[in-house]
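> sequence below, structure please.
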Amino acid sequence: MARARASQSRSARPAQRDYKWEVAVIGGGITGLSAAWALSADADTVVTVLEADAQPGGKLASTDIVGVTVDTGAESMLAARPEATRLANEVGLRPAIVHPESRSVCVLARGQLREIPTGLVTGVPTNLRALAASGIISLPGLLRIPMDQVIRRTEVGADISVGAYLTARVGREVVERLADPLLAGVYAGNADHLSLRMANPSLFRQIQKDASLLQAASRVHSGGAQKAGARRGPAFAGIRGGIARLAAKTVSSLQAQGVVIHTGEPVLRLRRARNRWLVATPTSEREYDAVVMAAPANVAADLLRVSAPFTAMQLRAIEYSSQAVVTLAYPVGAMPPVTGTGFFIPPFKGYQVKGVTFSSNKWEWVARDARGSSKRGAFIVRASVGRYGDEAALELDDTELVNNVRAELTEIAGLPPITIDHRVTRWQNSIPQYHVGHVELVDRAKRALADVPGLALAGAAYDGVGVASCIASGRRAAMDILRHLDETSELANG
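Alright, predicted model coming up:
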């Protein structure tokens, strides 16, 4: 399999040497693991992964609640692009790929949970009739939306925030009741700070051509729908037993390929030494021919402050938000009827919870395992708390946080005031924030590395959040490193 993967993405190599290249991957989240997987396809490369935490996988993690293993970080992957499902196939998880049982999701709007219509593009409606029927937007808000087609073009320059652009084109209600809660679920931020160019590059390119946002969104949606149709399948996928299995299976597959993975091994220093990279950890100091930097941007900035000071300066400007995932197990017999996969809550509502997933409704395997998990059976729900600029709830201890979440879910959705069990997972500084100008910042950081051979950046901070985006980022960084090593070989061989 290794040779097959290498031949699909690489040009012809020089004759095989006695010496093998040594590459360090700093960071053992799914980005670093995917980079190591791509590197391990090359028979002339020895790969070492250095992970600071006790377990690899990063935000692909799980916990047990009432005897059921559930994800506490990412719980689905975008199937509309190939990277995540392809990695799952390559490491032997193809039979375990599953899709959500329901695609219905709600938002708290105008006093009740209302189903979000399909066809939204970064919160922009493409079906006004369905939006009106949902009751999410008030009549004045609905009447404001079509004005987009007659008002003059909104200049966006090199970038603009999602909130600013949508407010100018279709009105503030669309931002507050659709874009903001939906985007908070993905980025743990808010629409007024989020870069449109980063959040939806296709839409940003299209509004350069179309003065009307509604027209641009419709074109983007039509193109995406055609691609999804060509795939003949749902846009999202999961893995039976949890997405965390993707990281665990990739780790075992890497080890079978001879990749060494050190956990509990933070990198303390990184510097160039005799055309190689000297990497120091608490237990060792070794030289490598190249490095894939798959650690968070703030960690990368500290490590690169000597070897790549300009890049480090850019990376320090990338902010992160924190959040907590509260997983609750309710007695099945006490649950009211709930439909769909969950709901979002706009920040202006004043609740600590920003989003809720009815895991037992979304994933058949969760429902099945939870039904037999106790004498009464359980219904699994997970709630997300915390977003950029609003992290006060994260200062509460676990007991207070669980009590508050439970009370809010009772008030909003009528869930029981008691639970069988609960788990709290805290993700400190875990989600990069894409402020306006983020694309240019990352471009500057990467261009500066042209003078720093044998180093590649990878991760959510640069190429997008989501499992598929992180896997793609790791793979691109690995390919950049392999090309660099090929060029070094060619120069050395004359």
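> helices or strands up against the longest helix seen in the chain?
Secondary structure of the chain per DSSP state H: the longest helix is helix 467-492. Counting contacts by 3 or more Cβ pairs under 8 Å, 6 or more residues apart in numbering; DSSP states H and E, helix 467-492 is packed against strand 21-26, helix 30-40, strand 77-78, helix 83-90, strand 290-293, strand 455-457, helix 460-463. For glycine as for every other residue, the C-beta is placed from the backbone atoms N, C-alpha and C.
> point out the most buried one among those.
Among the helices and strands packed on helix 467-492, helix 30-40 has the highest mean neighbour count (mean count of other Cβ atoms under 10 Å), at a mean of 30.
> residues making contact with the next helix or strand after that helix?
From helix 30-40 onward toward the C-terminus, using DSSP states H and E, the following helix or strand is strand 45-50. Under the contact criterion Cβ atoms under 8 Å, 6 or more residues apart in numbering, strand 45-50 has outside partners 20-28, 32-33, 36, 39-40, 56, 254, 258-262, 265-267, 279, 281, 286, 288, 482, 485.
> residue ranges with poor pLDDT in the stretch 151-300 of the chain?
Judged against pLDDT under 70, the low-scoring parts of the stretch 151-300 of the chain cover residues 224-233.
> which residues touch Val465?
With the criterion set at Cβ under 8 Å, 6+ apart, Val465 makes contact with Val186, Tyr187, Ile431, Pro432.
> can you measure across stretch 128-147, start residue to end residue?
Using Cα to Cα, to the nearest Å, one end of stretch 128-147 lies 13 Å from the other.
> please read the previous query as pertaining to stretch 281-296.
17 Å.
> swap in stretch 86-100?
Span of stretch 86-100 from end to end, Cα to Cα: 18 Å.
> quick revisit: just the ones of the contacts of Val465 in helices?
Reading helices off the contacts of Val465 with DSSP H, I get Val186, Tyr187.
> helices of the stretch 1-150 of the chain, residue ranges please.
Secondary structure of the stretch 1-150 of the chain (DSSP state H, counting those that start in this stretch): helices at 2-9, 30-40, 83-90, 128-134, 139-144.
> helices or strands up against the longest one?
Counting contacts by 3+ Cβ pairs under 8 Å, 6+ apart, the secondary-structure elements packed against helix 30-40 are helix 2-9, strand 21-26, strand 45-50, helix 83-90, helix 244-256, strand 290-293, helix 467-492.
> lowest average pLDDT across the ones you listed?
Ranked by mean pLDDT, those bottom out at helix 2-9, which scores a mean of 41.
> so Pro234 sits against His99, correct?
Yes: with contact defined as Cβ atoms under 8 Å, Pro234 counts as touching His99 (4.3 Å).
> which residues do these two both contact?
Counting by Cβ under 8 Å, 6+ apart, the residues touching both Pro234 and His99 are Ala79.
> nearest residue to Asn429 other than its sequence neighbours?
Distance criterion Cβ to Cβ, 6 or more residues apart in numbering; nearest residue to Asn429, sequence neighbours excluded, is Tyr320 at 4.0 Å.
> give me the phi and psi for the one you found.
phi -130, psi 150 (degrees, to the nearest 10).
> swap in Val402?
The phi/psi pair for Val402 (degrees, to the nearest 10) is phi -60, psi -40.
> from Ala168, how far out is the residue nearest to it when sequence neighbours are not counted?
In this structure, Val402 finds its nearest non-sequential neighbour in His422, 5.0 Å apart by Cβ to Cβ, 6+ apart. To Ala168, His422 is 43 Å away according to Cβ to Cβ, to the nearest Å.
> surely Ala290 touches Arg483?
No: using Cβ under 8 Å, Ala290 makes no contact with Arg483, being 10.5 Å away.
> just list the residues touching the residue nearest to Asn429, thanks.
Pro296, Ala297, Asn298, Asn429, Ser430, Ile431, Pro432, Gln433.
> what sits against the third one?
Asn298 makes contact with Leu315, Arg316, Ile318, Tyr320, Asn429, according to Cβ under 8 Å, 6+ apart.
> most neighbours, which of those residues?
In terms of neighbours by other Cβ atoms under 10 Å, these top out with Leu315 at 26 neighbours.
> Glu319: neighbouring residues, count only.
Neighbours around Glu319, by other Cβ under 10 Å: 18.
> show me the two of the contacts of Val465 that sit farthest apart.
Farthest pair in the contacts of Val465 (Cβ to Cβ) is Val186 and Pro432. Separation: 11.7 Å.
> so the two - more neighbours on which side?
With neighbours defined as other Cβ under 10 Å, Val186 and Pro432 compare such that Pro432 has more, 24 against 15.
> that one reaches Gly464, doesn't it?
No: with contacts counted by Cβ under 8 Å, Pro432 stays clear of Gly464, the gap being 9.4 Å.
> gap between Val121 and Val162?
11 Å.
> higher neighbour count, the two?
Remark: of Val121 and Val162, Val162 carries more neighbours, 31 against 21, as counted by other Cβ under 10 Å.
> that one reaches Val186, doesn't it?
No: applying Cβ under 8 Å as the test, Val162 and Val186 come out as separate, 11.3 Å apart.
> residues contacting Ser218?
With contact taken as Cβ under 8 Å, 6+ apart, Ser218 is in contact with Thr126.
> next helix or strand past the helix or strand hosting it?
Using DSSP H and E, Ser218 maps to helix 213-231. Using DSSP H and E, the helix or strand that follows helix 213-231 in sequence is strand 236-239.
> strands paired with that next one, and their directions?
Strands that pair with strand 236-239, judged by DSSP bridges, come out as strand 77-78 (antiparallel), strand 97-98 (antiparallel).
> Arg447 is nearest to which of these?
Among the strands paired with strand 236-239, strand 77-78 sits nearest to Arg447 (Cβ to Cβ), with 27.9 Å.
> rounded mean pLDDT for the closest one, please.
92.
> so what touches that strand?
By Cβ under 8 Å, 6+ apart, strand 77-78 touches 84-85, 88, 235-238, 243, 246, 466-469.
> hang on, Asn127 packs against Val121?
No: counting by Cβ under 8 Å, Asn127 stays clear of Val121, with 10.8 Å between them.
> all strands in the stretch 351-494 of the chain, in order from the N-terminus.
In the stretch 351-494 of the chain, the strands defined using DSSP state E, counting those that start in this stretch lie at 353-357, 378-385, 421-432, 455-457.
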